[in-house]
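Student: Here is a sequence with its predicted model. Questions after.
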Amino acid sequence: MSGFDPFLDDVRLRRRVDYLSSDVASTADDCRWRKGGEVFSNKRFLSRRLAATSLALFALLLGISLLWHGGGILADTFARFYRTGSLVFGGGHVVLPLLQTETVKSGLVSHDVFLAGYGAAQALPGPLFTFAAFLGTSIPSAYPPWILGLWCLSAILLPSLLLILGMLPFWARLTDNVQAQAALKGANAAVVGLLVAAFYDPVWKSGVTSPQAFAMAVAAFALLQFLKIPNWAVVIACAVIGEWVL
């Protein structure tokens, strides 16, 4: 008949805690987890050969996309959206001027359609990269719009996937590298400039063209910043009011 022994229970508890601590201990460079009694690590799960292959494929596709001009609609749109996804840093609105260059200035999408899709994207959850799906459906082609939309969305997201697969095994070393940290700081500073440029053109130049539009922009900013109104509600309200005021 077993009884309650505080000392033995405390020893068992300490051993259990030590076991769990050692079992779940991980680093960014060698992340371990237990599944079915076997310990996996990202070094083995994601081999350096796979990482090197991903980086090589990323570079190869980037080189092809930078040199590619013309061709069929699928090859042309893949090259445009792939290099957009490869060259952007920081995500979000930084991708806006690149998408405008690849679609509006090339004549694939009209300026009004581009701005309308950008405005609608602000009311939807998720990253702005999904705006590529709207642009794909707006490009005239012999294919169904939803197919070209998925094609363009896949092309703009593929560089990120390849970079994640390629950099994950070396991520801890990169985060501890002084030169890499300095490069990221410089890139972040450049992103701020790109955001300001994207805000001015095409958003400000095309959206704020009258005193009424300026007043609506200020009101929308106040609703978002101070009253914390959801984005989708502000976009819908401004669209309805703009139909009567602008």
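Tutor: Perfect, I can see it now.
Student: contacts, neighbours, all on C-alpha from now
Tutor: Will do.
Student: Show residues contacting the helix or strand hosting Ala75.
Tutor: Using DSSP states H and E, the element containing Ala75 is helix 73-87. Identification of contacts with helix 73-87 by C-alpha atoms under 8 Å, 6 or more residues apart in numbering yields 61-62, 64-66, 68-70, 95, 98-99, 102, 132, 141, 148, 151-153, 155-160.
Student: Buried residues, it. List them.
Tutor: 77-86 (16 or more other C-alpha atoms under 10 Å).
Student: Now do that helix: distance to the chain's middle.
Tutor: Computed by C-alpha atoms, centre = their mean, to the nearest Å, the chain-centroid distance of helix 73-87 equals 16 Å.
Student: A helix includes Leu227, no?
Tutor: No. Applying DSSP: H, G, I helix; E, B strand; the rest coil, one finds Leu227 to be coil, outside a helix.
Student: In this model Phe131 seems to touch Gly117, though I could be wrong.
Tutor: Yes. With contact defined as C-alpha atoms under 8 Å, Gly117 reaches Phe131; the gap is 7.1 Å.
Student: Which of the two has more residues huddled nearby?
Tutor: The neighbour count for Gly117 versus Phe131, taken as other C-alpha atoms under 10 Å, is higher for Phe131 (24 against 16).
Student: ok, now how distant is the residue nearest to the more buried one when sequence neighbours are not counted from Leu135?
Tutor: Once flanking residues are discounted, Phe131 sits nearest to Ala121: 6.3 Å by C-alpha to C-alpha, 6 or more residues apart in numbering. From Ala121 over to Leu135 the distance is 11 Å, taken as C-alpha to C-alpha, to the nearest Å.
Student: quick one, which of these two is more surrounded?
Tutor: Using other C-alpha under 10 Å as the criterion, Ala121 and Leu135 rank with Leu135 on top: 24 against 20.
Student: The more buried one against Asp112, yeah?
Tutor: No. Using C-alpha under 8 Å, Leu135 makes no contact with Asp112, being 11.8 Å away.
Student: Quickly list what's touching both of the two.
Tutor: If you check Leu135 and Asp112 against C-alpha under 8 Å, 6+ apart, no residue is contacted by both.
Student: Domain map for the protein?
Tutor: Following automatic domain parsing, one gets these domains for the chain: 48-169+184-202, 208-246.
Student: As a markdown table, the ones you listed with distance to Thr175 would be great.
Tutor: Below are those laid out as a markdown table (distance: least, C-alpha to C-alpha, whole Å):
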| stretch | distance to Thr175 |
| --- | --- |
| domain 48-169+184-202 | 10 |
| domain 208-246 | 33 |
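Student: So which of those is nearest Val178?
Tutor: Of all those, domain 48-169+184-202 sits nearest to Val178, with 10.0 Å by C-alpha to C-alpha.
Student: Name the spans of this protein whose pLDDT lies under the cut-off.
Tutor: Across the chain, residues meeting the criterion (pLDDT under 70) sit at 1-46, 90-91.
Student: any chance you could map the helices in it?
Tutor: Remark: helices assigned in the chain by DSSP state H are 6-24, 42-45, 48-67, 73-87, 95-103, 111-122, 131-138, 145-167, 171-176, 178-198, 205-207, 211-225, 231-245.
Student: Give me whichever of the ones you listed is most buried.
Tutor: For the helices of the chain, average neighbour numbers computed from mean count of other C-alpha atoms under 10 Å are highest in helix 131-138, which has a mean of 23.
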